[in-house]
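K.L.:
need the 3D shape of this:
(chains A and B)
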Amino acid sequence: FLGAGGGNDIQWCFSQVKGAVDDDVAEADIISTVEFNHSGELLATGDKGGRVVIFQQEQENKTQSHSRGEYNVYSTFQSHEPEFDYLKSLEIEEKINKIRWLPQKNAAQFLLSTNDKTIKLWKISERDKRPEGYNLKEEDGRYRDPTTVTTLRVPVFRPMDLMVEASPRRIFANAHTYHINSISINSDYETYLSADDLRINLWHLEITDRSFNIVDIKPANMEELTEVITAAEFHPNSCNTFVYSSSKGTIRLCDMRASALCDRHSKLFEEPEDPSNRSFFSEIISSISDVKFSHSGRYMMTRDYLSVKIWDLNMENRPVETYQVHEYLRSKLCSLYENDCIFDKFECCWNGSDRQVIFNLTIPFFLPLPYSIVMTGSYNNFFRMFDRNTKRDITLEASRENNKPRTVLKPRKVCASGKRKKDEISVDSLDFNKKILHTAWHPKENIIAVATTNNLYIFQDKMN
Amino acid sequence: MLGRGLKRKLSDYEENMAGLSSAFDSSRSLPYPLKRQLVLNMCLTKLQTYKMLVEPNLHRSVLIANTVRQIQEEMRQESNQQPINVCPGITPSSHSYTGMESSGISLQLPSGISQQESNCCDLRSVEDPIENSLLIVSDDDMSSAISSILKDLDFVEDISPPTCLVPTGDDQPKFPENSCLKLEDDRQDLKGAECVFGSFEISNSTSYLKDLAIDDIFEDIDTSMYDSDFCCPPLMPPRPPSLATEEPLKTFPSCNSSSASNIQICRTDLSELDHIMEILVGS
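P.N.:
Numbering: from 1, shown residues only, chains lettered A, B, ... in the order given. Here you go, the predicted structure:
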């Protein structure tokens, strides 16, 4: 079990599962991104069919104090449609690659969603009143002859059933030749970046017909290409700083104040290769699939095929911590290369905040204790959590079997070699089709969203 | 086996490859050059498959190309270190296709395998399926495979400088931006022999008919007859003409005599190859 500050262990319980039950997965239902909004009240998912589904947490029921509010469908809309690029004879997939929420400024919610080529800003607003009492129409709906209208009647707003509307407010298109893999909103909440395999562009949220190219790693001769951009993110506090990761396992930190085109990095984070682990697949497994800053901005986390690494922004030559996600796969790399699993892009996430405020009975005041857990997915619908303070880790499974609400999840163990103990699963029995690529952690509470191929699982810690 | 629940494709090729990768992962006795060859073949096959896609994945292509480059570099260093005295009469500077291919092949065999030749022969009976499924690929095959897929990934951009004309017959990809002949010349001067044949895919590539600029004009002509055999052939990355493939067998009588069944299986492969080459060359 994980140990948080103050001796409180997190016990994860199944809460809900969303999505189709049957094993036959419709391609369009494959979940491609999961993201909580800044308050945690809303949880958005994007799928391969170009749809966005937003769930809303119920207000906490005073009588049911033993569980947090459930998430129910709040809004569903078609964000992107498949397109055809006639110039290149290419189909543009409608799959939603990333969703990022804007912080809430008024009654409406805003999010950015992107497919391979186009980013859209969506406004999600509620309508629970409508004007009634017009005297301009007949009973059957036809407009009355204006000359027959002799009184002035002001319509009044009356309550109606809640309607949630999503409307596209901005469409940011035609700026990416290659496939967009990341979007990240700046801490100024006015600009954001979008990154594809070779370039990163900076946008203003209000302006759709212009973007600034801030990173370009395309060589003059494509045959010299040896590295692509795999992920990018703005620093959470410093609005001129961003990082981008590469397929060679490096992370570059750039400062936009240095020059207009940030081709020269301010810092280059790279760990020297471990010669004892060298194989034909070393480079492929070093490719970084995700990069995420910590909330304080002092650290960043990267995910490569076999591990999660924590980097201190002040130290470029190696990570400060490395956590093995599924080291038992290292001896199976050739098979994983053959079936393309080695190219799977796992994401990673931090827990809600860097600090946990707990009431400690021995010292009678609130203590902000360091509290840092990272989470990432694996195969066989397993996902892993690493507590950075206690250095303990846990493997859990997202599965409909044996999951009753408020039952604590049983830790899983994979047997790498030798005699398999009871309740352990051997490496060869793992289902490599069941991969957890996307996970998200509620910004304030211990609630996590874990996406299997076409289902969304919500787990929360057991409340006493 | 990995991938419980994974729908297995029916083709022999796929099953063979899965078996080979399992052998790679589990076997400790597999000699290094054999492992390397297996990985190389897998890489080239993947690149070949990607080339046939309308839009190959850039990230994967780059990773695979880098792996091929790494293996290529390693093989080059080994061949530089070891004396090439096993194939008299064949020099690396030969300019004919068949000559180059055979010398390419001959160069690779001694460097990779000579020191473990006896091991190889001893293991041959055990590792027969693996040996026979591995195809020796020349340095130029590798370079041209990498070049062609990366060139194909260079998309037409709206803002691009004007480029030189594409001469017909040159196997440059569909997008004229990438095929400036002057660039090719510079490359050739700098990189020497490797590059001379880097752009000439016609003999190496199984899908050269697709790469011809003529295709843009005659898109509706069905070239599937020329391609289909190479969609799912048993273990077929780009191959040189059949004449060249017989060379390694001739130059290593000691290995040949070790197993009669080995020759049998090789001959079956060769006759299929002949058939395919006939179609390609149109003889």
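
K.L.:
which of the residues in the lengthiest strand in chain A are buried?
P.N.:
For chain A, the strand with the greatest residue count under DSSP state E is strand A:156-172. Across strand A:156-172, burial judged by 16 or more other C-beta atoms under 10 Å in any protein chain shown covers A:164, A:166, A:170, A:172. (C-beta placed from N, C-alpha, C; glycine too.)

K.L.:
what pairs with it, parallel or antiparallel?
P.N.:
strand A:119-132 (antiparallel) (DSSP bridges).

K.L.:
what sits closest to the residue in the stretch 101-250 of chain A that chain B sits nearest to if chain neighbours are left out?
P.N.:
Going by C-beta to the nearest C-beta, chain B is nearest to A:Met222 of the stretch 101-250 of chain A, at 4.0 Å. Once flanking residues are discounted, A:Met222 sits nearest to B:Asp154: 4.0 Å by C-beta to C-beta, 6 or more residues apart in numbering or on different chains.

K.L.:
report the rounded mean pLDDT for the longest strand of chain A.
P.N.:
Here strand A:156-172 scores 95 as its mean pLDDT.

K.L.:
distance of the residue nearest to A:Met222 from A:Asn97?
P.N.:
22 Å (C-beta to C-beta, to the nearest Å).

K.L.:
avg pLDDT for stretch A:295-303?
P.N.:
Per-residue scores along stretch A:295-303 average to 96.

K.L.:
can you give me the first-to-last residue distance of that stretch?
P.N.:
From its first residue to its last, stretch A:295-303 covers 17 Å (C-alpha to C-alpha, to the nearest Å).

K.L.:
same deal with stretch B:26-38?
P.N.:
Stretch B:26-38 end-to-end distance (C-alpha to C-alpha) = 14 Å.

K.L.:
list the buried residues of that stretch.
P.N.:
B:30-31, B:33-38.

K.L.:
you'd agree B:Gly19 is in a strand?
P.N.:
No. Under DSSP: H, G, I helix; E, B strand; the rest coil, B:Gly19 falls outside any strand and is assigned helix.

K.L.:
how many neighbours does it have?
P.N.:
Applying other C-beta atoms under 10 Å in any protein chain shown, we find 16 residues neighbouring B:Gly19.

K.L.:
what's the distance between it and A:Val427?
P.N.:
18 Å.

K.L.:
one more: A:Asp461?
P.N.:
Plainly put, A:Asp461 is 30 Å away from A:Val427 if you go by C-beta to C-beta.

K.L.:
and the contacts of stretch A:403-413?
P.N.:
By C-beta atoms under 8 Å, 6 or more residues apart in numbering or on different chains, the residues outside stretch A:403-413 that reach it are A:1, A:11-17, A:66-67, A:382, A:394-397, A:402, A:421, A:423-425, A:459, A:462.

K.L.:
how about low-confidence regions in the chain?
P.N.:
Using chain A. A:1-8, A:61-67, A:355-369, A:402, A:464 (pLDDT under 70).

K.L.:
that's the wrong chain, I wanted chain B
P.N.:
For chain B (pLDDT under 70), the answer is B:1-15, B:17, B:83-137, B:155-270, B:283.

K.L.:
can we see that at 90?
P.N.:
Along chain B, the parts satisfying pLDDT under 90 run over B:1-31, B:50-56, B:78-283.

K.L.:
what is the longest helix of it by residue count?
P.N.:
The residue-count maximum for a helix in chain B (DSSP state H) belongs to helix B:58-81.

K.L.:
mind listing what's buried in it?
P.N.:
Buried, per 16+ other C-beta under 10 Å, within helix B:58-81: B:58-72, B:74-75, B:78-79.

K.L.:
now narrow the residues you listed to whatever sits close to chain A.
P.N.:
Checked against chain A using C-beta under 8 Å from any C-beta of the partner chain, the buried residues of helix B:58-81 yield the following neighbours: B:58-60, B:62-67, B:69-71.

K.L.:
would you agree A:Glu397 is in contact with A:Arg384?
P.N.:
No. Contact criterion C-beta atoms under 8 Å: A:Glu397 and A:Arg384 do not qualify, at 10.7 Å.

K.L.:
cheers, nothing more for now.
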